[in-house]
Each structure stands twice: as C-alpha cells, then as structure tokens.
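> Below is the sequence, then the predicted model.
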Amino acid sequence: MPELPEVETTLRGLRPHLEGQRIIGMLVRQPRLRQPVPVDLAERLTGRMIKTLTRRGKYLLVELDQGSLLLHLGMSGSLRLVQEPEPYRPHDHLELALVNGKGLRFHDPRRFGLFCWIPQTPEQAMITHPLLCELGLEPLSDRFDGQYLWQTSRKRSIAIKPFIMDGRVVVGVGNIYATESLFHARIHPACPCDRIDLDRYQRLAETIRLVLLQAIEHGGTTLRDFVGESGAPGYFTQSLMIYGRADKACKLCGSLIKRIKISGRASFYCPRCQG
C-alpha cells in the first residue's frame, strides 16, 4: 500500500512534468473507484491549466486555474506519465491528456483510489474539506515532536502502534513505517501509549521523521520511473530492519523477531531490543 514516502515520491516525480501544463481532455475507462468518478469531471478539467502540486497526508492536490483535483492512491494505485499513443494496461482507469502530447494515467487494480474535482484551492480544502480538515500533523513539519505526541497520548490507553497510525494524530505513518520507527525507538508496539514518557516520545518522533526521510530519499532514486513504463515509486524494502521478518534474526541483537496482531494489523518486534 502506498504510504507517505511513496506519495511524496510521486509528488516530486510528477511535479516538474505537470506544473504549467494544460489539460486538453480526459478519458474515463472505469468510473467505479472508491467514489464514482463524476460524470462531468472531463468537462470540468478540459482546458484547465495545472498550477501546482501539493500533498496533505496521503492525498495529492493538483491546483488548477479553476478549482483543484483531489487524488488518493488507495491501496494499489499509482500515477505515471506516458507518451501518446501507448497501449493501455489492465487497470488503467483514468487518463488526463496534456497539451505537450503526454498523458497522466491512473492505475489502480483494487479500485480504492480517489479522483475528484473540488472547487477550493488546496489551502482552502485543507481547512474545510471533510477528507482533509480533521487530519493530524504532518510528521515532517516543525510542529511534530515528542511533546506533541506525549500531550496527545494522555488519558488514552490504546497501543502505541495504532496511536501513531491514527491519521487524526499524525498523517501518513502506515503499518510499515510505524513498525520500523518503533523498532528504532526501542518501544514495544503493544505498549499502551499513555505509559510512554516524554523522553521516549522525543526519541520516537525523531525516529519517525528519520525513517520517513530515508524512505523518501530511497524513492527519489527511481523518479525516472514516472516518465517510463512502470510509474511505481521505489519502496523501502531493502532497508527494512524488522517489518516482514518474523522468525528471522534481529539485525542488531540476533534474537528471533516475533509477529503479533495489534488492532487487526500484523506487527513485528524484537523481544530483546523492544522488551
């Protein structure tokens, strides 16, 4: 599933190729996504100039000279630029045709993605749109720190892992990066969030930021894919310390990594490093 680093990589990869381009048409091959594609979307977009691309959590916002596009990659979505004409692949559901002869295609096998027009600018939508206005802090922002996590966790008893995955607390920390961050911070994923002291929250906030930045840097090595055939950002799999490594030796201490379920999600931890 695309998480914040993959969405940020998508943003950085597409931005120089889309900003300043005009949309000259749109093809909808499959309208049944997370929300049905509006029947008037092509009419709203045709002729519009793309001004800027921004991100809020896992949402991409494309500011136009009239309104904005709100995009979400869902569980399996990706965006890629193609040079027309190019054959469609299975699950290529939408395409924006650009004045420079390229097309932006939305590929989504599981169809949990979102692709819709909104009348607001991105700045206005972040305050008023129901999908955006209740989102928590950006983990790469200056406001996100251990003090914020400590204060937000008071009088809450849920496990720390679902706490930092709660988009109303902090956005974009999905299952993989929550698991990795807790390992680096030496915190057991099932520990109640209100039992963690300020010092450990300071360490956790720093590791969340570091893990996400490293993943974004790794994804940045594959930006060329956005004008090639795959359109898929680089995932962080080669650098994972613990996620998906159940019953394998911990890279730090050699203990066998354990797998448990927390809030219905697979979680991995080292019983010695995170005991």
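Sure, I can see it.

> check contacts around Lys248.
Lys248 sits next to 256-257 when contact means Cβ atoms under 8 Å, 6 or more residues apart in numbering. No exception for glycine: its C-beta is placed from N, CA and C like everyone else's.

> Need the phi and psi values for it.
phi -100, psi 160 (degrees, to the nearest 10).

> now Asp92
Backbone torsions of Asp92, given as degrees, to the nearest 10, read phi -80, psi 100.

> Same check on the one 4 residues further on?
Taking degrees, to the nearest 10, you get phi -100, psi 120 for the backbone angles of Leu96.

> Nearest residue to it in space, ignoring adjacent ones along the chain?
In space, and not counting its chain neighbours, Leu96 is closest to Leu104: 4.4 Å by Cβ to Cβ, 6 or more residues apart in numbering.

> Just to check, that neighbour is in contact with Asp92?
No. Counting by Cβ atoms under 8 Å, Leu104 does not reach Asp92; the two are 10.9 Å apart.

> thinking again about what came up before, contacting residues for the residue nearest to Leu96?
Counting by Cβ under 8 Å, 6+ apart, Leu104 has contacts 14, 18, 79-81, 95-96, 98.

> can you do 10 Å?
By Cβ atoms under 10 Å, 6 or more residues apart in numbering, Leu104 lies in contact with 14, 17-18, 21, 23, 26, 50, 62, 79-82, 94-98, 226, 231.

> Confirm it sits in a strand?
Yes. According to DSSP: H, G, I helix; E, B strand; the rest coil, Leu104 belongs to a strand.

> how close does it get to Arg29?
14 Å (Cβ to Cβ, to the nearest Å).

> One more: Ile127?
34 Å.

> quick one, which of these two is more surrounded?
A count of neighbours by other Cβ atoms under 10 Å puts Arg29 above the other of Ile127 and Arg29, at 13 against 9.

> which residues of the stretch 101-250 of the chain score low on pLDDT?
Counting by pLDDT under 70, the ranges of the stretch 101-250 of the chain that qualify are 219-238.

> tell me the strands in it, going along the chain?
Along the stretch 101-250 of the chain, counting by DSSP state E, counting those that start in this stretch, strands occupy 102-107, 114-118.

> circling back to that earlier point, which ones among the contacts of Leu104 lie within strands?
23, 26, 50, 62, 79-82, 94-98 (DSSP state E).

> Show the contacting residues for Glu206.
For Glu206, the contact set (Cβ under 10 Å, 6+ apart) comprises 145-146, 181, 184-185.

> From the residues you listed, list just the buried residues.
Neighbour counting by 16 or more other Cβ atoms under 10 Å classes 146, 181, 184-185 among the contacts of Glu206 as buried.

> Just these: which are in helices?
Among the buried ones among the contacts of Glu206, DSSP state H puts 146, 181, 184 in helices.

> so which of these comes closest to Thr54?
Of all those, Thr54 sits closest to Ser181, with 24.4 Å by Cβ to Cβ.

> pretty sure that closest one is in contact with Ile187, am I right?
Yes. Between Ser181 and Ile187 a contact is recorded at 8.6 Å, counting by Cβ atoms under 10 Å.

> Now do the shared contacts for these two.
The contact sets of Ser181 and Ile187 overlap at 160-161, 164, 203-204, 207 (Cβ under 10 Å, 6+ apart).

> Including distance to Pro38 and neighbour count, could those residues go into a markdown table?
Formatted as a markdown table, these follow (distance: Cβ to Cβ, whole Å; neighbours: other Cβ atoms under 10 Å):
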| residue | distance to Pro38 | neighbour count |
| --- | --- | --- |
| Ile160 | 40 | 27 |
| Lys161 | 37 | 26 |
| Ile164 | 35 | 27 |
| Arg203 | 46 | 17 |
| Leu204 | 41 | 22 |
| Thr207 | 41 | 19 |
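
> ok, Tyr59 to Gln30 distance?
The separation that Tyr59 has from Gln30, given Cβ to Cβ, amounts to 21 Å.

> Look at these two and report which has more neighbours.
Higher neighbour count among Tyr59 and Gln30: Tyr59, with 22 against 13, using other Cβ under 10 Å.

> Contact partners for the nearest residue to that one once chain neighbours are set aside?
Distance criterion Cβ to Cβ, 6+ apart; nearest residue to Tyr59, sequence neighbours excluded, is His72 at 5.4 Å. Counting by Cβ under 10 Å, 6+ apart, His72 makes contact with 2, 7, 33-35, 57-60, 108, 112-116, 131.
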